[in-house]
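In: The sequence and its predicted three-dimensional model are supplied below.
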Amino acid sequence: MRVFVTGATGFVGSAVVRDLVAAGHEVIGLVRSADKAAALAAAGAKAIHGSLDDLGSLRRGASEADGVIHTAFFHAFSQAGLGTRLRIMVGGRPAEIARRFMTAAVAADGRAIETLGDVLCAGGRSLVVAFPTMAMAPGRPAVETDAADPDAVGGLRARSETAALALVARGVKAATVRLPPTVHDETRQGLVTRLIAIARKKRVSAYVADGANRWAAVHRRDASHLFRLALEQGEAGVHHHAVAEDGIPFRDIAEAIGRHLGVPVRGLPPEAASGHFGWLAPFVGADNPVSSRGTQERLGWRPTHPRLMADIAVALHGAHA
């Protein structure tokens, strides 16, 4: 199968490319620079130059493919195009820049999904879209049949899932792979990497309230394997959960960081979370347990790679504050 991958050199997307190539698929990846194209070539894939803002490059990639895996998203301000960045900067009060950025990122993601769908509807081809579990309703283990919750901490992203599922009625075999906040390996651990940086800088590893809220986790190689299975199955309208650990108490994560960095661990009152964690504060306090039982039963997917605590230990072994 010829597969077009957006975000092909990102943390998750690069693992997806390697998994697809190893399985014998021909891969075309979307890249924004010559050095990224070289990295893609080294992985055994071809490159198309472009970005989420360049809808023509998305059409070109999708038109050459039997299916698409869409992992790209504007996770950083620098990833957006110049015009988008200018609109964010001058579009209102400085205190609301983060909110405007996320709104613009979600809008760009929606346009990208719709553009890919416009091409893939001819021939009923497959589209697998990455989606965050932080957009699911908090407080109970989310299951695959649950819809995204616009009121969740990551609820702005619900629009992306809606855009993907709307393509099913047009004949696209659209599905999602929902990713937890901690997609990890021994080099990076999703949002936990940011928590480590904060703990190093502030010389304390913190949690909110009693730290009993839970985060799900998955190794990136297990996640990449699930993307391939979802594409190969090509079942429309299905949500897959890339989750190996249903819900790790956040306090356990903070304690692991503190232990390996040699800094104290402290609970913060909710009103102090923003001052300590910045934009990450709402996510730090979120309860986001997620079940993958349905995914494992449907696809025969079994996570086999190291757990989060093992990867934190490898990443921070010998590190000091």
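Out: Received the coordinates, thanks.
In: The helix or strand of the chain with the lowest mean pLDDT: what's the following helix or strand?
Out: Comparing every helix and strand of the chain by mean pLDDT, DSSP states H and E singles out helix 82-90 as the least confident one, with a mean of 60. With elements assigned by DSSP states H and E, the helix or strand that comes after helix 82-90 is helix 97-120.
In: That next one - contacts with which helices or strands?
Out: helix 55-63, strand 67-70, helix 82-90, strand 126-132, helix 158-166 (3 or more C-beta pairs under 8 Å, 6 or more residues apart in numbering; DSSP states H and E). For the C-beta atoms, the positions are set from N, CA and C on the backbone; glycine is no exception.
In: So which of the ones you listed is nearest Ala43?
Out: Using C-beta to C-beta as the measure, strand 67-70 is the one of the helices and strands packed on helix 97-120 that comes nearest Ala43, at 14.2 Å.
In: Only the C-alpha atoms, please, for stretch 296-315, written as CSV.
Out: Taking only C-alpha atoms (Å, rounded to 0.1, in the frame of the first residue of the first chain), the coordinates of stretch 296-315 have been written out as CSV:
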residue,chain,number,x,y,z
GLN,A,296,-7.1,-4.6,21.7
GLU,A,297,-10.1,-6.9,21.1
ARG,A,298,-10.9,-5.3,17.7
LEU,A,299,-7.4,-5.2,16.2
GLY,A,300,-5.5,-7.7,18.3
TRP,A,301,-3.1,-4.9,19.3
ARG,A,302,-1.0,-5.7,22.3
PRO,A,303,1.4,-3.0,23.7
THR,A,304,4.8,-4.7,24.4
HIS,A,305,7.3,-1.9,24.9
PRO,A,306,8.6,-0.3,28.2
ARG,A,307,6.2,1.5,30.5
LEU,A,308,6.3,5.2,31.3
MET,A,309,8.2,4.8,34.6
ALA,A,310,10.9,2.7,33.0
ASP,A,311,11.4,5.4,30.3
ILE,A,312,11.5,8.2,32.8
ALA,A,313,14.2,6.3,34.7
VAL,A,314,16.3,5.8,31.6
ALA,A,315,15.9,9.4,30.5
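In: Okay, buried residues for it please.
Out: 296, 298-299, 301, 303, 305-306, 308-309, 311-312, 315 (16 or more other C-beta atoms under 10 Å).
In: what does it contact?
Out: Counting by C-beta atoms under 8 Å, 6 or more residues apart in numbering, stretch 296-315 makes contact with 144, 182, 184-189, 192, 196, 217-219, 221-222, 225-226, 229-230, 233, 238, 240, 243-245, 248, 252-253, 256-257, 260, 292, 295, all of which sit outside it.
In: Among the residues you listed, which lie within helices?
Out: Cross-referencing these with the helices (criterion: DSSP state H) gives 192, 196, 221-222, 225-226, 229-230, 233, 252-253, 256-257, 260, 295 as the overlap.
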